[in-house]
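S.K.: Structural data only, the sequence is not supplied:
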């Protein structure tokens, strides 16, 4: 049995490595879909810590995505240098933040904001917590949209452009790589970076789930009053859940800004938060394989449905808008999944294990 598992892991690893090389033969657009799917997996894994492990409904998770993206956008674009003469004097060659600083800074800044969000919501539960976190997400988006006056920090609705691609070990991910006669596209290079981050995140989440902290989060999720009576410090653990979950969003946001080369407040709307929550719920709350499956399906499904919406639009003589029809098909798919699989596509088989096993 163990040998079969090892062979399965090796086969899966080879398949994941070959995915972008195969997809780029059909066009870079398909590789971009795979890249965005990996970013959404990273976001869903972070939100799963808050919603799946600790049971705290967070509808403003996209705020941490925005914080990470704008942090990198400001640190790796000409905007601050052109706007503030003092910064231009400090960085005469421009601000070009290396990846070794980007990831810790994005994780740290988003984690700090996660704790700041969690602190005033410690006494809230259920719908009230959802409303407060939703408001936090909208506040961050509005701030990004309006911080161009009186001092232009975020460039407002015009967004930030000319953002640097990531560089490390002399490799520029924004340019294609030639190995002999074979060409690896820029989007494929980003795929391998995102895949590495996702694998590290899965390992971190798995170790957290099996740790004392993870079991304490699950106890809070099942019954907060009973967990508090057993001596669990629910305040600190809730703050830790918010902070840990937010770090994943910050790193994902920084990667998104580098990958796109342009960001604006429209990229961080409430709909994005709802989609990330849907990925966790539809995949299977608290179950890592289910969360990953839900993120991949819900991030790739709208793009695949572009090829379905076009022919359906032509059947109605253009009376139905293709984008609206695509959203309708996504909604129908989500409703069908929830009716047929109310616990998610891949629910956790060990529901309640934190109560049955010894800490």
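M.R.: The structure has been received and is ready for your questions. Since the structure is predicted, the reported quantities are computational estimates derived from the model, not experimental observations. Numbering: from 1, shown residues only.

S.K.: Tell me which residues of the helix or strand residue 338 falls within come out buried.
M.R.: Assessed by DSSP states H and E, residue 338 sits inside helix 322-340. Burial within helix 322-340, assessed by neighbour count using 16 or more other Cβ atoms under 10 Å, is assigned to 322, 325-326, 329-330, 333-334, 337. For glycine as for every other residue, the C-beta is placed from the backbone atoms N, C-alpha and C.

S.K.: Which strands or helices does it pack on?
M.R.: For helix 322-340, the elements it packs on are helix 270-283, helix 288-304, helix 306-315, judged by 3 or more Cβ pairs under 8 Å, 6 or more residues apart in numbering; DSSP states H and E.

S.K.: What ranges does the protein have for its strands?
M.R.: Secondary structure of the chain by DSSP state E: the strands cover 167-168, 171-172, 177-179, 182-184.

S.K.: most neighbours per residue, which of those strands?
M.R.: For the strands of the chain, average neighbour numbers computed from mean count of other Cβ atoms under 10 Å are highest in strand 167-168, which has a mean of 14.

S.K.: and that one, what does it pack onto?
M.R.: Counting contacts by 3+ Cβ pairs under 8 Å, 6+ apart, the secondary-structure elements packed against strand 167-168 are helix 99-118.

S.K.: What residues sit buried inside the helix it packs on?
M.R.: If you call a residue buried by 16+ other Cβ under 10 Å, then helix 99-118 has these buried ones: 99, 102-103, 105-107, 109-111, 113-114, 117-118.

S.K.: for stretch 301-314, same thing?
M.R.: If you call a residue buried by 16+ other Cβ under 10 Å, then stretch 301-314 has these buried ones: 302-303, 305, 309, 313.

S.K.: ditto for stretch 135-143
M.R.: Of the residues in stretch 135-143, those buried under the neighbour-count criterion (16+ other Cβ under 10 Å) are 136-138, 140-141.

S.K.: want to throw those into JSON lines with pLDDT?
M.R.: Below are the buried residues of stretch 135-143 laid out as JSON lines (pLDDT from 0 to 100):
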{"residue": "136", "pLDDT": "92"}
{"residue": "137", "pLDDT": "92"}
{"residue": "138", "pLDDT": "93"}
{"residue": "140", "pLDDT": "94"}
{"residue": "141", "pLDDT": "94"}
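
S.K.: will you turn those residues into a markdown table that also has distance to residue 89?
M.R.: Formatted as a markdown table, the entries for those read as follows, by distance: Cβ to Cβ, whole Å:
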| residue | distance to residue 89 |
| --- | --- |
| 136 | 36 |
| 137 | 36 |
| 138 | 37 |
| 140 | 30 |
| 141 | 32 |
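
S.K.: Of those residues, which belong to helices?
M.R.: Applying DSSP state H to the buried residues of stretch 135-143, the entries found in helices are 136-138, 140-141.

S.K.: And these, which is closest to residue 232?
M.R.: When these are compared for distance to residue 232 (Cβ to Cβ), residue 136 comes out closest, at 25.3 Å.
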